[in-house]
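Engineer: Return a 3D structure for these sequence lines:
(2 chains)
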Amino acid sequence: MASTFLSRLPFRPKPSVIPGFGITLGLSLLWLTLLVLIPLASLFLKSATLGWEPFFNTITAPRVLAALRLSFGAALIAAAINGVLGLLVAWVLVRYDFPGRRLVDALVDIPFALPTAIAGIALTTLWAENGWLGALLAPLGIKVSFTPLGIIVALVFIGLPFVVRTVQPVLQDFDKEVEEAAESLGASSWQIFSKVIWPSIMPATLTGFALAFARALGEYGSVIFIAGNLPMVSEIAPLLIVIKLEEFAYAEATAIAAIMLIASFLLLLAINILQRWSERREQRG
Amino acid sequence: MAGAASTFRGTAKPVERPGAWIGRWLLIALALLFLGMFIVLPLVIVFAEAFRQGWMVYLAALTEPDALSAIWLTLLTAAIVVPCNLIFGLLAAWAIAKFEFRGKSFLVTLIDLPFSVSPVISGLVFVLLFGLQGWFGPWLREHDLKIVFAVPGIVLATMFVTFPFVARELIPMMQEQGTTEEEAAISLGASGWQTFWRVTLPNVRWALLYGVLLCNARAMGEFGAVSVVSGHVRGLTNTMPLHVEILYNEYNFVAAFAVASLLALLAIVTLVAKTVLEWRLSRDIKHKAG
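Structural biologist: Below you'll find the model as predicted:
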């Protein structure tokens, strides 16, 4: 009786001959609590002490609303672009053999490894009106650097590997026989893709999209150089937090941060559900 | 029978539709164009801009005192943060991968939390705790201690941001290894430490090294979180990415890209090492299976 009760408590292990469970779990939990959980909780505690009305007034101020709208909007567009182009890159890397394929595959991880500030100044220079790529668009009257378009470019850069690396393994495991069966039954290439392949890679693509969106939402380093940072036009929410902090408006900075953090947590939940769905799909297939 | 099967199209070897190669090369070209514009060119332009005025200007930008102190602070931060996260990663992976307990997947989600928090917020939480208006602010001032806008704050924020890296690489690897080898070692009379050093660690060494490399790259390159807690005191609390920002905002582009090129080089080295490690990892797995 007592033992079944104990086994229902969280963090109680099934019996094992391997030693060290208590100490390793205890120290990890301690470290996690001190470094991650207490700091994050302090943000919510602080925003709770603000009172409802100042909190509400802060986050409905026009400048804050504009920043939140821009952050969510740009992240959504960039994640959608990544969803399509990331799928294309994953497809090409898995399905086709061409010279330099392994090098290209390694290059996909560059946005993970390159510090965001470096990506920021490089993209700004590249897409500026006199830059290598910006100069091609300037005659068409399209400006990228120092406009909201630049924000999307930076967020596409940051989010790309998330989609590619989520879709790639699923595409790799996809059973080619199903595809060949569809082909021998007379399906066209497009029919095979949309009716046979897409249903089994859709959960992974959505997961990648959500991961890219979550990352883009909080991104700071690569965006602030290319954005131009005009209030109401090209000022993202994380930058507004920094500006409020520099003005010593801690309460306002905390309120905006609390909204962003809640959005991140909801996204994390959505991603977990998506990943489980994706794994179930794969096992069934 | 075999002859009958081969009369069906696509049973032996899929026969390509006429004209399919056009579609194939079109897709490859599109993907390469996109990657070239968004991934390769940004990397190339860092080095092109850094060497625009030749080697001498490049070297001068790197050996200037403020740049040197930024490099020093970046190395110091990584030297503190990476070992701490390495120890945490090993502890957490041991508990999670070698034992079954309730609440495990929740714990893994908690470890991943810093990944989903905006870098700016990762810095902000430490300002709220240790800043002058923060919870511990008055106490810290009484005792003449400074955490935020000083080196300890930079270390803390970097540690927060890179917290999951080693654990993330180790946990799936150690889970895949299972517990049979450890159980065998223990039943043969090995102590817990001996089992860890002689059995577990050699099995996960490449995943461990990979996690450390990623953690190090992020620790040296972190910008948002560090920017919030640093206070931007030139020569004192500037890391390399922050130094790049200052130079860039002063329109000193060549110097900014010179310092940036060091970090870009670090990223390239990390990726090359990653590719090599992945190759060794798959070879080890094949070796074991064979």
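Engineer: ok, and the closest non-adjacent residue to the residue of the stretch 151-285 of chain A at minimum distance from chain B?
Structural biologist: The stretch 151-285 of chain A approaches chain B most closely through A:Gly218 (2.7 Å), counting by Cβ to the nearest Cβ. The way it works is simple: take the backbone N, C-alpha and C, and place the C-beta from them, glycine included. On the basis of Cβ to Cβ, 6 or more residues apart in numbering or on different chains, the spatially nearest residue to A:Gly218 that is not a chain neighbour turns out to be B:Ser118, at 2.7 Å.
Engineer: chain center to stretch A:48-56: distance?
Structural biologist: Mean C-alpha position of stretch A:48-56 versus that of the full chain (Cα atoms, centre = their mean, to the nearest Å) differs by 29 Å.
Engineer: how about that stretch: buried residues?
Structural biologist: Of the residues in stretch A:48-56, those scored as buried under the neighbour-count criterion (16 or more other Cβ atoms under 10 Å in any protein chain shown) are A:Leu50, A:Phe55.
Engineer: average pLDDT across that stretch?
Structural biologist: Over the span of stretch A:48-56, the pLDDT mean works out to 86.
Engineer: helices or strands up against the helix of greatest length in chain B?
Structural biologist: Scanning chain B for the longest helix, with DSSP state H as the assignment, gives helix B:253-289. Counting contacts by 3 or more Cβ pairs under 8 Å, 6 or more residues apart in numbering or on different chains; DSSP states H and E, helix B:253-289 is packed against helix A:101-107, helix A:110-113, helix A:116-127, helix B:41-50, helix B:54-63, helix B:65-98, helix B:205-221, helix B:240-249.
Engineer: rerun at 7 Å
Structural biologist: Under the contact criterion of 3 or more Cβ pairs under 7 Å, 6 or more residues apart in numbering or on different chains; DSSP states H and E, the helices and strands touching helix B:253-289 comprise helix A:110-113, helix A:116-127, helix B:41-50, helix B:54-63, helix B:205-221, helix B:240-249.
Engineer: In CSV: the ones you listed, plus distance to A:Ala249, mean neighbour count and mean pLDDT.
Structural biologist: Output for those, formatted as CSV (distance: least, Cβ to Cβ, whole Å; neighbours: other Cβ atoms under 10 Å in any protein chain shown; pLDDT from 0 to 100):
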stretch, distance to A:Ala249, mean neighbour count, mean pLDDT
helix A:110-113, 32, 21, 93
helix A:116-127, 25, 28, 96
helix B:41-50, 34, 20, 96
helix B:54-63, 36, 13, 94
helix B:205-221, 29, 22, 93
helix B:240-249, 22, 23, 95
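Engineer: okay if I get those as CSV plus distance to A:Arg276?
Structural biologist: What follows is the helices and strands packed on helix B:253-289, written out as CSV (distance: least, Cβ to Cβ, whole Å):
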stretch, distance to A:Arg276
helix A:110-113, 24
helix A:116-127, 30
helix B:41-50, 35
helix B:54-63, 48
helix B:205-221, 24
helix B:240-249, 36
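Engineer: Would you tell me which of these gets closest to A:Ala257?
Structural biologist: With Cβ to Cβ as the measure, helix A:116-127 is the member of these nearest A:Ala257 (18.3 Å).
Engineer: What's the per-residue pLDDT of A:Glu279 here?
Structural biologist: At A:Glu279, the predicted lDDT confidence score is 80.
Engineer: Which residues does whichever strand or helix holds A:Ile243 contact?
Structural biologist: Element membership for A:Ile243 (DSSP states H and E) is helix A:237-246. The contact list for helix A:237-246, computed with Cβ atoms under 7 Å, 6 or more residues apart in numbering or on different chains, reads A:64, A:67-68, A:71, A:218, A:220, A:224, A:229, A:252-253, A:256-257, A:260, B:118, B:120, B:124, B:127, B:224, B:228.
Engineer: give me that answer again for 8 Å
Structural biologist: Residues from elsewhere that reach helix A:237-246 (Cβ atoms under 8 Å, 6 or more residues apart in numbering or on different chains): A:63-64, A:67-68, A:70-71, A:218-220, A:223-224, A:227, A:229, A:235, A:250, A:252-253, A:256-257, A:259-260, B:118-121, B:124, B:127, B:224, B:227-228.
Engineer: likewise stretch B:139-151?
Structural biologist: Looking at stretch B:139-151 with Cβ under 8 Å, 6+ apart, the contacting residues turn out to be B:73, B:76-77, B:126-127, B:130-132, B:134, B:152-153, B:156, B:229-231, B:233, B:237.
Engineer: how about 10 Å then?
Structural biologist: Contact partners of stretch B:139-151, identified using Cβ atoms under 10 Å, 6 or more residues apart in numbering or on different chains, comprise B:73, B:76-77, B:80, B:123, B:126-132, B:134, B:136-137, B:152-157, B:228-233, B:236-237, B:239.
Engineer: Could you do stretch A:25-37 as well?
Structural biologist: Contacts of stretch A:25-37 (Cβ under 10 Å, 6+ apart): A:11, A:13, A:38-39, A:41, B:84-85, B:87-96, B:99, B:101, B:104, B:107, B:110-111, B:113-114, B:117, B:122, B:125-126, B:156, B:159-160, B:163-164, B:167.
Engineer: so the residue nearest to A:Gly218 makes contact with A:Val223?
Structural biologist: No - when contacts are counted by Cβ atoms under 10 Å, B:Ser118 is not listed as touching A:Val223 (11.1 Å).
Engineer: any residues in contact with both of those two?
Structural biologist: Common contact partners of B:Ser118 and A:Val223 (Cβ under 10 Å, 6+ apart): A:Ser71, A:Ile236, A:Pro238, B:Gly224.
Engineer: mind listing what's buried in whichever helix or strand A:Leu70 is part of?
Structural biologist: Using DSSP H and E, A:Leu70 falls within helix A:62-95. Residues of helix A:62-95 classed as buried: A:64, A:66-68, A:70-72, A:74-79, A:81-83, A:85-94 (neighbour count, 16+ other Cβ under 10 Å).
Engineer: swap in stretch B:258-271?
Structural biologist: Counting neighbours by 16+ other Cβ under 10 Å, one finds that the buried residues in stretch B:258-271 are B:Ala258, B:Val259, B:Ala260, B:Ser261, B:Leu262, B:Leu263, B:Ala264, B:Leu266, B:Ala267, B:Ile268, B:Thr270, B:Leu271.
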